[in-house]
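Asks: Here is the input, now give the coordinates:
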Amino acid sequence: MLSSYRQVLRIPGLLPPLLASFAGSLPIGMLGLSVLLLVRLHGQSFGAAGMIAGALSLGSGAGLVAQGAWMDRRGPSLVLAAAGLACAASLAALVAVVAGGGPAWLTAALAFAGGASVPGTPTAARALSAELVADQRLRVTAYAMLAMASTCAAILGPLLVSVLLARGAAAAVLVTAVLAAATGAAYALAPASRRQVPRVRAPRWRLRSLATPGMRTLTVASAANGAVLGMLGVAVPALALARHTPALAGELSAIAAAGDLAAGVIYCGRSWSLPLRARLVAALLALAASCAVLGAVLSEITAAAVGMAVFGAAEAVTGITVTALIQHVAPHDARTESYAIIISAALAGTAAGNLAGGALAGGGIAGVRLVFLAAASGTVAAATWAASRQGTLSPPDGTFAGTSATGTTTGRGAGMKS
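Replies: Prediction:
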């Protein structure tokens, strides 16, 4: 099962960018929590803290798209090194403004700038993998490794913030700033990154990636996936508080993360008969089923834990499959931008899911159940969308009837573009 992972790690030049991508994911997992705690612990209201956290998320989404487009034109080294320095400067200024009792609007502006300039090393690494890994099966394995690295970083980031809080919330934000600058520089200095040439030298920037029907299909699917994550981000803590066991939120989230990691390893370690586009629909339906089960078994913690593990597994398969499908549908000269668009759509969906979950979660267990069922319904709608647009997800030569373990084409079928 692990042979494909060993083969990926042996590809010349790939390991340093992979490690830099993992390290670059840590600031993403640290930034929101550390900034929120910094603002709140300096006496500002939850309303102000929420506004600043929202500005940070909006900046992250906008920055990923902008950096992706610039990397397609300038190459990743210059863009990521400059972004890391800008991020460190923005966050240092944010700490100074908060400590000095500055206005919330200025803090929000600096948070937006800090989020927008977090180096997009995971996005760059996905585009680089498409170039360095010639074998399609191993390429999707590389995508799986990147996805699992991001999941690990999402778990380790908040834990690292918890450790740094012993020295204060300002220390957590400043360490995040230093880490962002360091990982941007590390990726920029990697030999494979420096050899990567720009894909296009267009005089003006426009979102070419959304010009293809397949990218629009994946963007909607990614946004729906993010919305489910956002709803569960509210529902799980609400469930824990309704049961008067706050620690349950962390435990259930950890179970989901464990399911995510395990599914990623298994998914890319064996062969599957379904083509990638059909796997996307199946994964979305599994995601919907897990949400429905969670809504039905809230009173049984053991059953809820199983539901969270299934949710994490379905989430992993959905994310990896979407990433693998990008190589079939994205414009060749806008692949980095296309990865960034997908991630930004997920971030936007997560924000919308947070809002919807917060509106529905009132009323104790009944409200929490409503959030889970709403998430299930939304995911069914996303699966229906993806199923109705299967033809848009075919590779250019139409070969998509069957695929091997992680996406290698084994059969031939016709796909109609819509």
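Asks: Can you mark which positions in the helix or strand containing residue 340 are buried?
Replies: If you go by DSSP states H and E, residue 340 is part of helix 335-360. Neighbour-count burial for helix 335-360, counted by 16 or more other Cβ atoms under 10 Å, picks out 335-354, 356-358, 360. C-betas here are computed from N, CA, C, even on glycine.
Asks: Packing partners of the following helix or strand past that helix?
Replies: Following helix 335-360 in sequence order, the next helix or strand is helix 365-388 (DSSP H and E). Packing partners of helix 365-388 (3 or more Cβ pairs under 8 Å, 6 or more residues apart in numbering; DSSP states H and E): helix 213-242, helix 276-296, helix 335-360.
Asks: who does the first one touch, helix- and strand-wise?
Replies: I take that to be helix 213-242. Contacts defined by 3+ Cβ pairs under 8 Å, 6+ apart place helix 213-242 against helix 247-267, helix 276-296, helix 301-329, helix 335-360, helix 365-388.
Asks: The same query, at a cut-off of 6 Å, please.
Replies: Judged by 3 or more Cβ pairs under 6 Å, 6 or more residues apart in numbering; DSSP states H and E, helix 213-242 is in contact with helix 247-267, helix 301-329, helix 335-360, helix 365-388.
Asks: now swap in the second one and tell me
Replies: The criterion is 3+ Cβ pairs under 6 Å, 6+ apart, and the helices and strands that helix 276-296 contacts are helix 301-329, helix 365-388.
Asks: What does the residue of the chain positioned farthest from its centre show for phi and psi?
Replies: Distance from the C-alpha centroid of the chain, by Cα atoms, centre = their mean, peaks at residue 100 (33.6 Å). Backbone torsions of residue 100, given as degrees, to the nearest 10, read phi -90, psi 10.
Asks: do the same with residue 300
Replies: Backbone torsions for residue 300, taken as degrees, to the nearest 10, come to phi -110, psi 100.
Asks: Counting neighbours, what do you get for it?
Replies: 11 (other Cβ atoms under 10 Å).
Asks: and residue 149, what does it touch?
Replies: Counting by Cβ atoms under 6 Å, 6 or more residues apart in numbering, residue 149 touches residue 22.
Asks: So it versus residue 36, what's the distance?
Replies: According to Cβ to Cβ, to the nearest Å, residue 149 stands 24 Å off from residue 36.
Asks: one step back: could the helices and strands packed on helix 365-388 go into CSV alongside mean pLDDT?
Replies: Formatted as CSV, those follow (pLDDT from 0 to 100):
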stretch, mean pLDDT
helix 213-242, 80
helix 276-296, 89
helix 335-360, 76
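Asks: Adding distance to residue 251, write those out as CSV.
Replies: Below are these laid out as CSV (distance: least, Cβ to Cβ, whole Å):
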stretch, distance to residue 251
helix 213-242, 8
helix 276-296, 14
helix 335-360, 19
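Asks: Looking at these, which is nearest to residue 383?
Replies: Minimum separation from residue 383 across the helices and strands packed on helix 365-388 (Cβ to Cβ) falls at helix 276-296, 3.7 Å.
Asks: contact partners of the closest one?
Replies: Defining contact as Cβ under 6 Å, 6+ apart, one finds that helix 276-296 is touched by 307, 310-311, 314, 317-318, 321, 324-325, 369, 372-373, 375-376, 379-380, 382-383, 386-387, 390, 393, 403, 407.
Asks: Now do the contacts for residue 242.
Replies: Counted by Cβ under 6 Å, 6+ apart, residue 242 has contacts 364, 365.
Asks: Enumerate every residue touching residue 365.
Replies: Contact partners of residue 365, counting by Cβ under 6 Å, 6+ apart, are 242, 298.
Asks: I only care about the contacts of helix 276-296 that end up buried; give me the ChimeraX line for that.
Replies: To isolate the buried ones among the contacts of helix 276-296 in ChimeraX, judged by 16+ other Cβ under 10 Å, type:
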select :307,310,311,314,317,318,321,324,325,369,372,373,375,376,379,380,382,383,386,390,393,403,407
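Asks: quick one: the closest residue to residue 82 other than its chain neighbours and residue 20, what's the gap?
Replies: Leaving aside its sequence neighbours, residue 82 sits nearest to residue 184 (Cβ to Cβ, 6 or more residues apart in numbering; 7.9 Å). Plainly put, residue 184 is 9 Å away from residue 20 if you go by Cβ to Cβ.
Asks: Same question for residue 240.
Replies: Separation of residue 240 from residue 20 (Cβ to Cβ): 35 Å.
Asks: of these two, who's got more company?
Replies: Shown here are residue 240 and residue 20; by other Cβ under 10 Å, residue 20 has more neighbours (26 against 19).
Asks: Quick one: closest of the helices and strands packed on helix 365-388 to residue 64.
Replies: Closest approach to residue 64 among the helices and strands packed on helix 365-388 is made by helix 335-360 (4.2 Å; Cβ to Cβ).
Asks: Which other helices and strands does the closest one contact?
Replies: helix 46-74, helix 121-132, helix 213-242, helix 365-388.
Asks: at 8 Å instead, please
Replies: helix 46-74, helix 121-132, helix 213-242, helix 301-329, helix 365-388.
Asks: among those, which is the most enclosed?
Replies: Among these, the stretch with the highest mean neighbour count (mean count of other Cβ atoms under 10 Å) is helix 121-132, at a mean of 26.
Asks: closest one to residue 11 among the helices and strands packed on helix 365-388?
Replies: Nearest to residue 11, of these and by Cβ to Cβ, is helix 335-360 at 18.1 Å.
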